[in-house]
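>>> any chance you could fold what I've pasted below:
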Amino acid sequence: MPTRRGPSPCRCGRKPVPDPPRRSSAAEAARFPRGSADYPGRVILAIDTSVGTAVAVVENDGVVLAESSSENPLGHAEVIGSLLQDVLAAASGSSESNGETLAYVAAGMGPGPFTGLRVGIAAARAFALGRGIPVVPVASHDAVALEVFLAAALTDSDAPRFAVVTDARRREFAFTVYEGIDDDGLPVRVTDPALSPRDELDERLAALGAERRNAGAISAAMLGVVAGRAVSAGREIASTEPLYLRSPDVTLPHGPKRVTA
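Got it, this is the predicted structure:
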């Protein structure tokens, strides 16, 4: 049984998304997405519970005002409320916030296990409904992929085709293959998210020509950056339906049995 871990302290203050050198096409797209004059447009609350639980508030220029997370893979419902309170309080009190208000809620749509994933999506939808602001759905693996591309851009290099891999439990992994950044600064998916038995994953990735990138956590800050770039480009980059990939354990009961005399 996984060890329970408490939430990490709220990390607040002005932490910009890295600005890599402008040279290669990948670096240029990552740093300067199309329509970036007002990138990403508005302040975004980002929530993801596909792996652990992560919450962040991202400013209109990609600066992270506040973020906090818990690596506990089971305690989503127990920590989501306190994490939201922490980052919202920290962001509203930040000297960098300039009194700006939230305009969007980015929801990590998975892939992820049913029980945990629905906690974050429900929290995002409830918060957005209460504030009267839109939800921006984001595939959780996209946040990891963007982080990989930005790290490559910092070294002035291109990232080869790779697969973001997360633990789906039950001896399965969830994976999505990526190659390159588009003109809007968003990761390009080569495959849709899918499940693979653990013993077969490396063979499947080899057939796809993709390096394996294991992700033990999803950055809510990067999720917010992906959502911001999508908003700035006027694009819908993920479905509003969760990427469970596997049916829930609990099913609705059938109708009552007929009893005959």
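
>>> what about the strands in this protein?
Under the criterion DSSP state E, the chain contains strands at 11-15, 43-48, 53-58, 64-70, 102-108, 135-138, 162-169, 172-181, 187-189, 194-197, 211-214.

>>> deepest in the core, which of these is it.
Burial of those is given as mean neighbour count (mean count of other Cβ atoms under 10 Å); strand 53-58 ranks first at a mean of 30. Heads up, the C-betas are built off the backbone N, CA and C, glycines and all.

>>> just want the angle from that one to strand 43-48.
Strand 53-58 runs at 170 degrees relative to strand 43-48, counting by axes from the mean of the first three to the mean of the last three Cα atoms, to 10 degrees.

>>> show me what contacts the spatially closest residue to Pro134 that is not a sequence neighbour?
Excluding the flanking residues, the one nearest Pro134 by Cβ to Cβ, 6 or more residues apart in numbering is Tyr104, at 5.7 Å. The neighbours of Tyr104, taking Cβ atoms under 8 Å, 6 or more residues apart in numbering as the test, are 42-45, 128, 133-136, 227-228, 231.

>>> one more pass at 6 Å, please.
42, 44, 133-134, 136 (Cβ atoms under 6 Å, 6 or more residues apart in numbering).

>>> now Ser157
With contact set as Cβ under 6 Å, 6+ apart, Ser157 has no partners.

>>> related to what we said a few turns ago, determine which of the strands of the chain approaches Phe114 most closely.
Taking Cβ to Cβ, strand 162-169 is the member of the strands of the chain nearest to Phe114, at 10.4 Å.

>>> against which helices or strands is the closest one packed?
The contact analysis (3 or more Cβ pairs under 6 Å, 6 or more residues apart in numbering; DSSP states H and E) places strand 162-169 against helix 140-154, strand 172-181, strand 211-214.

>>> a markdown table for the ones you listed, including distance to Thr53 and mean pLDDT?
Formatted as a markdown table, the helices and strands packed on strand 162-169 follow (distance: least, Cβ to Cβ, whole Å; pLDDT from 0 to 100):
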| stretch | distance to Thr53 | mean pLDDT |
| --- | --- | --- |
| helix 140-154 | 12 | 96 |
| strand 172-181 | 17 | 97 |
| strand 211-214 | 19 | 98 |
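
>>> just checking, Ala107 touches Ile133?
No - counting by Cβ atoms under 6 Å, Ala107 does not reach Ile133; the two are 12.0 Å apart.

>>> and Ser92, how many neighbours?
Neighbourhood size, Ser92 [other Cβ atoms under 10 Å]: 15.

>>> what do you get for Gly81?
When neighbours are counted by other Cβ under 10 Å, Gly81 registers 10.

>>> what comes up buried for stretch 130-143?
Within stretch 130-143, the residues scored as buried using 16 or more other Cβ atoms under 10 Å are 133, 135-143.

>>> actually stretch 113-120, not the one I typed
113, 116-120.

>>> in helices, which of the residues you listed appear?
116-120 (DSSP state H).

>>> flag the shaky bits of the stretch 51-200 of the chain, pLDDT-wise.
Along the stretch 51-200 of the chain, the model assigns pLDDT under 70 to residues 60-61, 73, 94-100.

>>> how about 90 then?
59-63, 70-79, 92-101, 113-116, 155-158, 169-170 (pLDDT under 90).

>>> separation between Phe149 and Leu186?
Phe149 sits at a distance of 9 Å from Leu186 (criterion: Cβ to Cβ, to the nearest Å).

>>> pull out the buried positions in stretch 82-96.
82-84, 86-88, 90-91, 94, 96.

>>> quick one: which of those residues is nearest to Ser70?
Leu83 (6.9 Å).

>>> thought that closest one was touching Ser68?
Yes - shown here, Leu83 and Ser68 form a contact pair, counting by Cβ under 6 Å, at 4.9 Å.

>>> distance check, the most centrally placed residue in the chain against Ala168.
Centroid-nearest residue in the chain, with Cα atoms, centre = their mean: Ser140, separated by 3.4 Å. Distance from Ser140 to Ala168, counting by Cβ to Cβ: 12 Å.
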